[in-house]
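Asks: how would this look folded up:
(one chain, ligands or ions: 1)
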Amino acid sequence: MIMNDEPVMTKFKVMIDKNKCIGARSCVNLAGLTFRMGSDGKAELIDQDGNSDEEKILAAQACPNMAIKVINTATGETVWPETRLEVKI
Ligand code: SF4
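Replies: Reported below is the predicted structural model:
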């Protein structure tokens, strides 16, 4: 039997840079159980496990000012923004 009411345990941790947040709400619209708008008009964290890893990364990628960083807690790597440098020859 599949249990759908289990809490989601995610491995991606999100961090909001309030200095970069311009209050565009994209993160709240895409992952409203993880982010909410604070009284200062900027995003704030509600619950790291509120949304799935996929939803959290989509929310971070949708931020128009790159104010959300995503860390993979299993590996310690920064998942977003991508830090890989592409060298074109
Ligand atoms: S999407 Fe980015 S700018 Fe908009 S509220 Fe969220 S963190 Fe702030």
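
Asks: counting neighbours, what do you get for residue 30?
Replies: 19 (other CB atoms under 10 Å). All C-beta atoms are positioned from the backbone trio N, CA, C, and that covers glycine.

Asks: quickly find the element holding the residue nearest to it when sequence neighbours are not counted.
Replies: Excluding its sequence neighbours, the residue lying closest to residue 30 (CB to CB, 6 or more residues apart in numbering) is residue 59, at 4.1 Å. Using DSSP states H and E, residue 59 sits in helix 53-62.

Asks: report all helices and strands that that helix contacts.
Replies: strand 12-16, helix 26-30, strand 68-72, strand 78-80 (3 or more CB pairs under 8 Å, 6 or more residues apart in numbering; DSSP states H and E).

Asks: what would these look like in CSV with mean pLDDT and distance to residue 38?
Replies: Below are the helices and strands packed on helix 53-62 laid out as CSV (pLDDT from 0 to 100; distance: least, CB to CB, whole Å):
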stretch, mean pLDDT, distance to residue 38
strand 12-16, 97, 10
helix 26-30, 98, 10
strand 68-72, 97, 14
strand 78-80, 95, 21
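
Asks: now the ones you listed in JSON lines, with distance to residue 48?
Replies: Listed next are the helices and strands packed on helix 53-62 as JSON lines, based on distance: least, CB to CB, whole Å:
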{"stretch": "strand 12-16", "distance to residue 48": "6"}
{"stretch": "helix 26-30", "distance to residue 48": "13"}
{"stretch": "strand 68-72", "distance to residue 48": "10"}
{"stretch": "strand 78-80", "distance to residue 48": "14"}
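
Asks: residue 32 - how many residues pack around it?
Replies: 16.

Asks: mind listing what it touches?
Replies: By CB atoms under 8 Å, 6 or more residues apart in numbering, the contact list for residue 32 reads 50, 51.

Asks: sorry, back to before: next, the angle strand 12-16 makes with the helix holding residue 59.
Replies: 30 degrees (axes from the mean of the first three to the mean of the last three CA atoms, to 10 degrees).

Asks: give me the contact list for helix 53-62.
Replies: If you take CB under 8 Å, 6+ apart as the criterion, helix 53-62 is touched by 10-12, 14, 26-27, 29-31, 34-35, 51, 68-70, 79-80.
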